[in-house]
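Chemist: curious how this folds, go ahead:
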Amino acid sequence: MPGLSISVVKNGETIYAEGFGSRDLEKNLPATPDTLYGIGSITKSFVAIAIMQLVEKGELKLDDPVADHAPMKIGMKEKPIKIHNLLTHSLGVPSLATSSVAFYKSVGYDTGIPFGSPDDFYRLINGAQDEVVDEPGKRFFYHNAAWRILGHIVQEKTNTPFHRYIEEKIMKPLGMTRSTLDTAVFNNDSDRITPYWKKPDGSVNPTKFPYPNPEDNLPFSFMAAAGGITSSANEMAKYMNTLISKDSLISPDSFERMQTLHIHRPEGYYGEYGYGYGLGITPDFHGRKLVSHGGSILVSTAHMSLVPEEGLGVMIMGNSAKLAYEAINESILALLMGLDPVEATPGLYVKQRLLELTGRYETYKGIELVEVNYKGGMLYIESVTPFANTSTPIIPEDQLIGETVFYSLVDGVKSLVVFDGDNLFIERYCYHKV
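Modeler: Modelled structure (predicted):
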């Protein structure tokens with residue numbers, strides 16, 4: 001990670017803000033709390049505010065069919081997709097990978113799918129009728145296209161290019177004067193990141209910002225609605241305080257609706273977990289509601305975490321990908337809530353526990369040996385013999401690793417793998433850590 005910036009708020013005040021590393025490696029320019037980063041999908045909560053502004057003005061209703069406001073044609077006729085379903089990723093349609101089309105193009109890989117205009121966008125969406133797998137509201141499929149449609153609705157209802165509306169009606173009233181969706185403005189700022197593309201081999205390469213400039217293509221400005229905002233840790237502190245206080249832009253009731261769990265996702269470390277409007281919701285984060293969202297445009301990533309009842313918020317941003325932002329944020333929130341930051345943050349201690357189990361293990365006299373390695377959040381048992389090379393993932397029975405019992409799965413059959421101190425039991429063998 002070349003560089004990152006962070007801000008922490010408590011009861012309306014910024015209590016910590018710092019930058020680490022370089023916003024530009026070649027020039028060795030420092031990352032600061034004022035450095036502009038791409039915040040990716042945290043943009044979606046801004047879009048949700050814009051939609052709630054339109055709802056409060058009577059321009060639309062949350063239970064309106066989307067087809068009443070945008071040229072989207074897919075879905076079930078008897079159970080149409082509604083605005084609420086776009087806001088909650090509950091269309092009943094799996095992701096159509098519209099962001100992949102855009103991002104791949106930005107790094108020189110063309111999928112062959114036209115994506116330069118609203119007509120191109122809706123041709124791609126409306127051709128996906130066979131992708132509908134369930135009625136709206138039943139299943140969660142993270143859906144960037146849904147938010148581009150919401151951005152288009154904002155654009156049409158206000159007769160204003162989407163990016164200009166967000167800047168004028170949300171950012172500027174909050175004093176976010178440098179935050180922008182205008183790529184030219186971002187590129188001309190003296191304190192901005194150089195985006196870095198982190199390749200599979202671990203190398204980081206400078207690249208351009210992946211979103212095109214909406215000013216160059218005003219009809220398709222809403223392409224940026226899925227994740228096109230650039231902002232700084234200091235300016236996002238102002239935004240976090242607004243989400244916590246619920247005292248401007250929209251009514252407290254509208255903010256509360258955004259921060260209400262509307263659709264469930266698979267349970268996480270803290271149990272129940274789901275999605276509101278442009279925000280992830282964890283009802284029981286050490287007895288308090290956690291409101292959060294991450295964002296990645298591959299070459300810039302960010303995470304925002306709030307505990308509104310405690311007046312707490314953390315924003316962390318980096319100019320590449322693949323950092324454990326969520327766990328870092330949660331550990332800071334836990335610390336400020338008077339908890340041990342490691343013991344209270346499974347994302348930290350689970351990884352630490354898994355790493356403790358890695359190493360080389362041998363049977364009696366070293367006749368058989370295996371290595372336990374950590375890769376991509378999982379443990380693998382790897383063996384090299386004159387007869388075969390194997391790499392087998394093992395799954396913990398307890399996701400919090402309270403007990404070190406795992407299993408492998410071969411052709412649907414489970415086999416136990418048990419760590420007991422420095423011993424590792426796999427089928428007939430007992431391996432000893434060396």
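
Chemist: so who does the residue lying farthest from the centre of the chain touch?
Modeler: Largest separation from the mean C-alpha position in the chain: K365, at 48.2 Å (Cα atoms, centre = their mean). For K365, the contact set (Cβ atoms under 8 Å, 6 or more residues apart in numbering) is empty. In short, each C-beta sits where N, CA and C put it, glycine included.

Chemist: name the SS class of it, please.
Modeler: When the structure is split into helix, strand and coil by DSSP: H, G, I helix; E, B strand; the rest coil, K365 lands in helix.

Chemist: and it, how far is that from A97?
Modeler: As for K365, its distance to A97 is 53 Å (criterion: Cβ to Cβ, to the nearest Å).

Chemist: ditto for H264
Modeler: Using Cβ to Cβ, H264 is found at 24 Å from A97.

Chemist: just P341 next, same as before
Modeler: P341 sits 37 Å away from A97, going by Cβ to Cβ.

Chemist: my guess is P214 meets A225, correct?
Modeler: No. At 9.9 Å, P214 and A225 do not qualify as touching, with contact defined as Cβ atoms under 8 Å.

Chemist: so which of these two has more stuff around it?
Modeler: With other Cβ atoms under 10 Å as the criterion, P214 and A225 differ in neighbour count, and A225 comes out ahead with 30 against 25.

Chemist: host element of the residue lying closest to that one once chain neighbours are set aside?
Modeler: Nearest residue to A225 in three dimensions, chain neighbours excluded: G151, at 2.6 Å (Cβ to Cβ, 6 or more residues apart in numbering). Taking DSSP states H and E as the definition, G151 sits inside helix 144-158.

Chemist: just how off-centre is that helix within its chain?
Modeler: When C-alpha coordinates are averaged (Cα atoms, centre = their mean, to the nearest Å), helix 144-158 and its chain have centres 20 Å apart.

Chemist: just list what it packs against, helices and strands only.
Modeler: In terms of contacts (3 or more Cβ pairs under 8 Å, 6 or more residues apart in numbering; DSSP states H and E), helix 144-158 is packed against helix 43-56, helix 83-87, helix 98-106, helix 118-126, helix 162-166.

Chemist: render the CA-only coordinates of that helix in PDB, please.
Modeler: Provided in PDB are the C-alpha atoms of helix 144-158 (Å, rounded to 0.1, in the frame of the first residue of the first chain):
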ATOM      1  CA  ASN A 144     -23.700  -1.400  -9.300                       C
ATOM      2  CA  ALA A 145     -26.100  -1.100 -12.200                       C
ATOM      3  CA  ALA A 146     -29.000  -0.400  -9.700                       C
ATOM      4  CA  TRP A 147     -27.200   2.700  -8.400                       C
ATOM      5  CA  ARG A 148     -26.400   4.000 -11.900                       C
ATOM      6  CA  ILE A 149     -30.200   3.800 -12.600                       C
ATOM      7  CA  LEU A 150     -30.800   5.700  -9.300                       C
ATOM      8  CA  GLY A 151     -28.300   8.300 -10.500                       C
ATOM      9  CA  HIS A 152     -30.100   8.500 -13.800                       C
ATOM     10  CA  ILE A 153     -33.400   9.100 -12.000                       C
ATOM     11  CA  VAL A 154     -31.800  11.900 -10.000                       C
ATOM     12  CA  GLN A 155     -30.500  13.400 -13.200                       C
ATOM     13  CA  GLU A 156     -33.800  13.200 -15.000                       C
ATOM     14  CA  LYS A 157     -35.900  14.500 -12.000                       C
ATOM     15  CA  THR A 158     -33.700  17.500 -11.400                       C
END
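
Chemist: how about that helix: buried residues?
Modeler: Neighbour-count burial for helix 144-158, with 16 or more other Cβ atoms under 10 Å as criterion, is recorded at 144-155, 157-158.

Chemist: same check, this time on stretch 300-316
Modeler: The neighbour-count check on stretch 300-316 (16+ other Cβ under 10 Å) flags 300-308, 310-316 as buried.

Chemist: circling back: can you state the direction angle for the helix holding G151 and helix 118-126?
Modeler: 130 degrees (axes from the mean of the first three to the mean of the last three Cα atoms, to 10 degrees).

Chemist: give me the residues contacting helix 144-158.
Modeler: In this structure, residues lying in contact with helix 144-158 by Cβ under 8 Å, 6+ apart are 41, 43-44, 47-48, 50-51, 54, 59-60, 66, 69-70, 72, 83, 85-87, 89, 91, 95-96, 98-99, 118, 121, 124-125, 161-162, 165-166, 221-227, 278.

Chemist: ok, the closest residue in space to F285 that isn't next to it in sequence - contacts?
Modeler: What sits nearest to F285 in space, not counting adjacent residues and going by Cβ to Cβ, 6+ apart, is Y270, at 5.3 Å. Shown here is Y270, whose contacts under the criterion Cβ under 8 Å, 6+ apart are T282, D284, F285, H286, L290, P346.

Chemist: rerun that using 7 Å as the cut-off
Modeler: By Cβ atoms under 7 Å, 6 or more residues apart in numbering, the contact list for Y270 reads T282, D284, F285.

Chemist: state the distance from it to H286.
Modeler: Applying Cβ to Cβ to Y270 and H286 gives a distance of 8 Å.

Chemist: quick one: the strands in the stretch 201-350 of the chain, in order.
Modeler: Listed in chain order, the strands of the stretch 201-350 of the chain (DSSP state E, counting those that start in this stretch) span residues 204-206, 230-231, 263-264, 274-275, 280-285, 288-296, 301-307, 312-318.

Chemist: alright, that wraps it up for me.
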